[in-house]
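Undergrad: next comes the sequence, and after it the predicted model I'd like to discuss.
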Amino acid sequence: MEKSIGQVRKMIEENKKTASLTNVVEKVIPKTLFVIAVISILTTLGILVTLLSETVAFFKEISFIEFFTGTVLKPLGQNAQFGVLPLLTGTLISSAIAMVVAIPIGLMTAVYLSEYASEKVRKVVKPILEILAGIPTIVYGFFALTFVTPILRSLIPSLEPTNILSPGIVMGIMIIPMVASLSEDALGAVPNSMREGALALGATKLEVTWKVIVPAAISGIVASFVLAISRAIGETMIVTIASGSSKNFTFDITQSMQTMTAYIVEVTGGDAPAGSTLYYSLYAVAMTLFVFTLVMNLIAQYISRKFREEY
Amino acid sequence: MKYFDSGQIQKKLGSRLLLNQVAKRLFFLATLVGLVVLVILIYRVFSDSLGWIDFEFLSNKLSTDPQKAGILGAISGTFWLMVVVAPVTFFLGVGTAIYLEEFAKKGRFQSFIQTNISNLAGVPSIVFGLLGLTVFVRGLGLGAVVLAGGLTMALLVLPIVVVSAQEAIRAVPQYLRDASYGMGATKWQTIKNVVLPAAIPGILTGIILALSRAIGETAPLVVLGIPALLIPLPEGIFDKFTVMPLQIYYWTIDAALVTEYANLAAASIVVLLFILFLMNSVAVFIRNKYQKRY
């Protein structure tokens, strides 16, 4: 009898031990996971702090107005000038060209897949578009320089060997799958009853799509366009490879222009000594780029949240 | 009495139906554009690389002589990069996802982290490069080594892993958790023994997709100052290294000087695409084979 009581006591002691260990684990794990989750916030903070601190250092040497209104970017040599406008026009023009390609083709692809295509066709086309989206940008850069540029030059003789047109077009092709799949999601979310209602009134499929489905999905569609622009602005390798590094301030798409991203690649590749104006200019340009894409992403989120039609 | 003029309707209907047919064909052609470009791109890369991919190309180190140049260094660099990226993204990505789905109270803080992650996903990769350059390469004084590149890439692909892990965890039905609690299991025991095993195929798929993004990414590594012309092979995470996309970048640019470099670039692209294809196949296989629908 006494012996078994002793055994029970022992068991209780042991249970307490493992239970207390379990309790400790139960308390420690949530805190650990919390710390891990905070790392994503630290990453954003890290980006902001690094960009901001060096950008502030840059604006101590170059005035705000000089940077944002200067049309000459000549980072090296005696009379270095840091005007960001050549980079801004380069970025905006290449993105505009990309949108001219990606928006109509992407939207039409989305409409075809969502409204016209049979299930069989969708099953073939969608994975292929995913492959297109998964190809590394460096491959598109190679494609732009060695394939698209020569073809364009035979069509437009005045085109320079490196120009903004070719990477713009290739960037547009790269973004097609993104516009197509996001827009298709938006079109697919429109309930079938609306299609059936419009068809019952005697509308043709095109009229249903154009006058009922697209307007109903417009918030998602516009959000996909804005995200596409943001993606084009941040795209680096295609423009770096195929558009060269001339810091032209021009609107002539046959010429070589440099984008903000390509400038960052060029300057970091050239080993800018830390502390020089050239080094700080890197961060000022990156800050501008970051703000541009962040604003675009926030606009996209706002549009899709604010103007979403609930069915 | 006639309510409508059937002749008038016939006339109008004809053009409306015609327009519908024209639009249908136009939309189909637009869909073909993407597919045709993909075919041209792949054909182009393959035809340029024809005769250049052989055992020597895969097993030789880098050389300025196009005939002797190989991509063994770049392949081993990519391998070492993954040795860093895979565990770090798994740890950070899955940890964040578990916290958000299982522990965080629905509220301001949770939606703040969530918004932050979707904004991080939209930050251009080159900005992550500058972060890595400032924090890892210069701040911690690591230099342009595997560890610095891997940590930068891990942060870059973190949103992909978090979002896919969250979806996988959310897809685990509540009754599995309830059953586990009913057996007396604690919260962490339930997560460890029930939720994670059920969610692991989806998590793995997301990680493989994130890794294939990291393998193809170029811009952040250029910014970190990772060299393309590097002869010695990396042997650990503190060694200098180079990767395939960088090799392709410099060969493409220098093709103006040495014509054969364009072929070398194309050959490396084929190898890179092949590796990505393999990884994606594995992801699709895992998704189809192990993912249970509840």
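TA: Looks like it came in fine.
Undergrad: now do stretch A:207-221: distance to the chain's middle.
TA: Centroid displacement of stretch A:207-221 relative to its chain, using C-alpha atoms, centre = their mean, to the nearest Å, is 25 Å.
Undergrad: can you give me the end-to-end span of it?
TA: Across its full length, stretch A:207-221 reaches 18 Å between end residues, using C-alpha to C-alpha, to the nearest Å.
Undergrad: which non-adjacent residue is nearest the residue of the stretch 1-150 of chain A found nearest chain B?
TA: With C-beta to the nearest C-beta, the shortest gap between the stretch 1-150 of chain A and chain B falls at residue A:136, namely 2.9 Å. Quick note: C-beta positions are derived from backbone N, CA and C, even for glycine. Nearest residue to residue A:136 in three dimensions, chain neighbours excluded: residue B:216, at 2.9 Å (C-beta to C-beta, 6 or more residues apart in numbering or on different chains).
Undergrad: contacting residues around the one you found?
TA: With contacts defined as C-beta atoms under 8 Å, 6 or more residues apart in numbering or on different chains, residue B:216 is in contact with A:134, A:135, A:136, A:137, A:138, A:139, B:245, B:272, B:276.
Undergrad: wouldn't the residue of the stretch 1-150 of chain A closest to chain B be in contact with residue B:246 here?
TA: No. Counting by C-beta atoms under 8 Å, residue A:136 does not reach residue B:246; the two are 11.4 Å apart.
Undergrad: identify the contacts common to these two.
TA: Counting by C-beta under 8 Å, 6+ apart, the contacts common to residue A:136 and residue B:246 are residue B:218.
Undergrad: quick one on the thing from earlier: and the residue nearest to residue A:136, how far is that from residue A:298?
TA: Taking C-beta to C-beta, to the nearest Å as the measure, residue B:216 and residue A:298 are separated by 27 Å.
Undergrad: residues contacting the residue in the stretch 151-300 of chain A positioned nearest to chain B?
TA: Per C-beta to the nearest C-beta, residue A:234 is where the stretch 151-300 of chain A lies closest to chain B, at 2.8 Å. Counting by C-beta under 8 Å, 6+ apart, residue A:234 makes contact with A:261, A:289, A:293, B:122, B:123, B:124, B:125, B:126, B:127.
Undergrad: report the two of those residues separated the most.
TA: Taking C-beta to C-beta as the measure, the contacts of residue A:234 reach their widest spread between A:261 and B:122, a distance of 14.4 Å.
Undergrad: more neighbours, those two?
TA: Ranked by neighbour count (other C-beta atoms under 10 Å in any protein chain shown), residue A:261 and residue B:122 place residue A:261 first, with 30 against 18.
Undergrad: tell me which helix or strand that one sits in.
TA: helix A:260-269 (DSSP states H and E).
Undergrad: what's the answer for residue B:12, then?
TA: helix B:6-49.
Undergrad: helix or strand right after that helix?
TA: helix B:55-59.
Undergrad: nearest residue to the middle of chain B?
TA: Compute the mean C-alpha point of chain B, and by C-alpha atoms, centre = their mean the closest residue is residue B:213, 2.0 Å away.
Undergrad: contacts only, for it.
TA: B:156, B:157, B:160.
Undergrad: circling back: in the contacts of residue A:234, which has the lowest confidence score?
TA: pLDDT across the contacts of residue A:234 is lowest for residue B:122, at 90.
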